[in-house]
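In: coords below, sequence missing:
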């Protein structure tokens, strides 16, 4: 048993898991009510007392939390601890340049590392193995999340971070990594670069990849497994909850196991906000029952997924979620970065232009590209190419600083973008995922 | 002294140019000179036409982006070195030419060069100081 899973809870009975969840939920609700004025106010408004929450089934009595709540309380308004207890801050890009900020205590970091560690362990990573982390290190949770996970379970972390693919390949050859963690599109870039360099991936000891942070398909998985000669596993996370390791695919690949002893999942109908039946698709909602710094209650992820409580053939009893099959809002994930059309609109408005635009997302050579077409007004138009190019450049620069990723900007003729009921169609996603 | 030019935004698609030329034909507007600036994504059609206001309104009325600018029409003898003299006159005063195009006038051995610069007055002065003539709008259509 002990060597089957990294944490005992992964194979515990449903009864034991529920008990643990109920205990942690009671603690979390008390913590929220006593330390976060935002939640205290919300509880008082609906006449809810912390004592009303006794078992995990009472969770439906709790109010929801949204990304907007995080923005409204930017940066630290929803933290339940003082600065003395904070040991780390991460952030993700957000609308109108405001980031979503998340904080962690020492205990939070340990539990998150445990989750990422469970993931690595579940695909056969053991002490002595080397984990090459090609997620970005920084405010983004990917790099440090998998790094701490590898160290937690006793493997060797190689903090390669992103960029310089040829050098990454040399590191993979020289350090003989067993596992790689990166986005699926970057895995394909590595495979392609290896081919260009004349390196046969079969000559490398690399045997598996933990890939996530962007949508990908079964076809892409097959492509990666073939071209990189590895097994490709899916990993799920979002910074608001923790980062990579919230849920992970094990060797059985029957869905992603959610670390539900720390992150309690629900699936709701995004319109009625009522829970759906087991196995039905809906919006994934998490309650952080294992976090001290930012214990969000019923956080609406906007990811559309379904849960299965059926025991996995790997022996784990932890609930499984399907790969998210879409979003209940208009968020786009481009090269791992969250982009909302409203951010693009904000940039255009801030430059004094009409918000008539179209975002075209595509995948060229396995990398996401984003083109923003902006309709020109008579005032913006000029007989000078130089002036039009300056306008395009100004929009592109503002876009880059707000979104955090580069976009190609194209000026188009007024009223040339297709419209439905007077509004331009905002997003065309050409990616075949 | 400057003359009016209209500029039209052309999308990079079939028929974009034809839409504009058809409008001018239907409005009975004559084109004296034209040039097209082409980039990968779009083009800018610049024209000197017989009735700038009428052309502008008709094109705008069709929902096409149009813009009027003042440019310089410069008389140039149609002999070797004619254009060079214009460029040198502007260059010596550090006046940058944004773009330029040319056409022949009905007068023998006379050409006209259209030049777009930042400051028309400054350019006129530089040209006059070396004896180069500026064309009046009335001289364009005959």
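Out: Arrived safely, thanks for sending. Just so it is clear, the model here is predicted, and its values are computed rather than measured. Numbering: from 1, shown residues only, chains lettered A, B, ... in the order given.

In: setting the sequence-adjacent residues aside, check what's closest to the residue in chain A positioned nearest to chain B.
Out: Residue nearest to chain B within chain A (Cβ to the nearest Cβ): residue A:383, separated by 3.5 Å. All C-beta atoms are positioned from the backbone trio N, CA, C, and that covers glycine. The shortest distance from residue A:383 to any non-neighbouring residue, by Cβ to Cβ, 6 or more residues apart in numbering or on different chains, is to residue B:7 (3.5 Å).

In: host element of the one you found?
Out: Per DSSP states H and E: residue B:7 is located in strand B:3-11.

In: quick one: residues contacting the residue nearest to residue A:383.
Out: Contact analysis of residue B:7 by Cβ atoms under 8 Å, 6 or more residues apart in numbering or on different chains lists A:381-383, B:44-47, B:66-69.

In: contacting residues for residue 137?
Out: No chain was given, so I picked chain A. Residue A:137 touches A:143-144, A:147, A:159, A:161, counting by Cβ under 8 Å, 6+ apart.

In: I was after chain B.
Out: Counting by Cβ under 8 Å, 6+ apart, residue B:137 touches B:3-4, B:73.

In: most neighbours, which of the residues you listed?
Out: Compared across the contacts of residue B:137, residue B:73 has the highest neighbour count, 26 neighbours, by other Cβ atoms under 10 Å in any protein chain shown.

In: same for the strand or helix carrying it, what does it pack against?
Out: Counting by DSSP H and E, the element that carries residue B:73 is strand B:66-77. Judged by 3 or more Cβ pairs under 8 Å, 6 or more residues apart in numbering or on different chains; DSSP states H and E, strand B:66-77 is in contact with strand B:3-11, helix B:52-61, helix B:82-92, strand B:110-116, helix B:120-128.

In: if we can go back for a sec, going by distance to residue B:20, which of the contacts of residue B:7 wins?
Out: Nearest to residue B:20 among the contacts of residue B:7, counting by Cβ to Cβ, is residue B:45 at 6.2 Å.

In: that closest one contacts residue B:18, correct?
Out: No: Residue B:45 is beyond contact range of residue B:18, at 11.3 Å (criterion: Cβ atoms under 8 Å).

In: which of the two has more residues huddled nearby?
Out: Ranked by neighbour count (other Cβ under 10 Å), residue B:45 and residue B:18 place residue B:45 first, with 23 against 9.

In: tell me which element that one falls in.
Out: Element membership for residue B:45 (DSSP H and E) is strand B:42-49.

In: and the residue nearest to residue A:383, what are its bridge partners?
Out: Beta bridges link residue B:7 to residue B:46, residue B:67 when assigned by DSSP bridges.

In: point out where chain B drops to low pLDDT.
Out: For chain B, the stretches flagged by pLDDT under 70 are B:1, B:142.

In: would you map out the domains in the chain?
Out: Just going to use chain A. What automatic domain parsing lists as the domains of chain A is A:8-328, A:333-429.

In: please refer instead to chain B.
Out: Using automatic domain parsing, chain B is parsed into the domains B:3-69, B:70-139.

In: now distance to residue A:289 too, for those domains, in CSV please.
Out: Listed next are these as CSV, based on distance: least, Cβ to Cβ, whole Å:
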stretch, distance to residue A:289
domain B:3-69, 52
domain B:70-139, 65
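
In: re earlier: tell me who's in contact with the residue of chain A closest to chain B.
Out: B:5, B:7, B:44, B:46, B:67, B:69, B:116.

In: how about 10 Å then?
Out: B:5-9, B:37, B:44-46, B:66-69, B:71, B:98-99, B:116 (Cβ atoms under 10 Å, 6 or more residues apart in numbering or on different chains).

In: residue A:29 now?
Out: By Cβ under 10 Å, 6+ apart, the contact set of residue A:29 is A:39, A:43, A:48-54, A:58-59, A:61-62, A:287, A:289, A:295, A:297.

In: which residues of the stretch 151-300 of chain A fall in strands?
Out: A:156-158, A:179-182, A:208-212, A:231-237, A:244-249, A:256-258, A:263-268, A:282-288, A:299-305 (DSSP state E, counting those that start in this stretch).

In: now render those strands as CSV, adding distance to residue A:431 and mean neighbour count.
Out: As requested, these are exported to CSV (distance: least, Cβ to Cβ, whole Å; neighbours: other Cβ atoms under 10 Å in any protein chain shown):
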stretch, distance to residue A:431, mean neighbour count
strand A:156-158, 30, 19
strand A:179-182, 18, 29
strand A:208-212, 16, 27
strand A:231-237, 17, 23
strand A:244-249, 22, 29
strand A:256-258, 21, 24
strand A:263-268, 25, 21
strand A:282-288, 22, 25
strand A:299-305, 17, 21
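
In: residues from chain B in reach of chain A?
Out: B:5-13, B:16, B:37-46, B:60, B:63-69, B:71, B:98-99, B:116, B:118 (Cβ under 10 Å from any Cβ of the partner chain).

In: for ChimeraX, what selects the buried ones among those?
Out: Selection command for ChimeraX covering only the buried members of those, criterion 16 or more other Cβ atoms under 10 Å in any protein chain shown:
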select /B:5,6,7,8,9,10,11,16,37,42,43,44,45,46,60,64,65,66,67,69,71,98,99,116
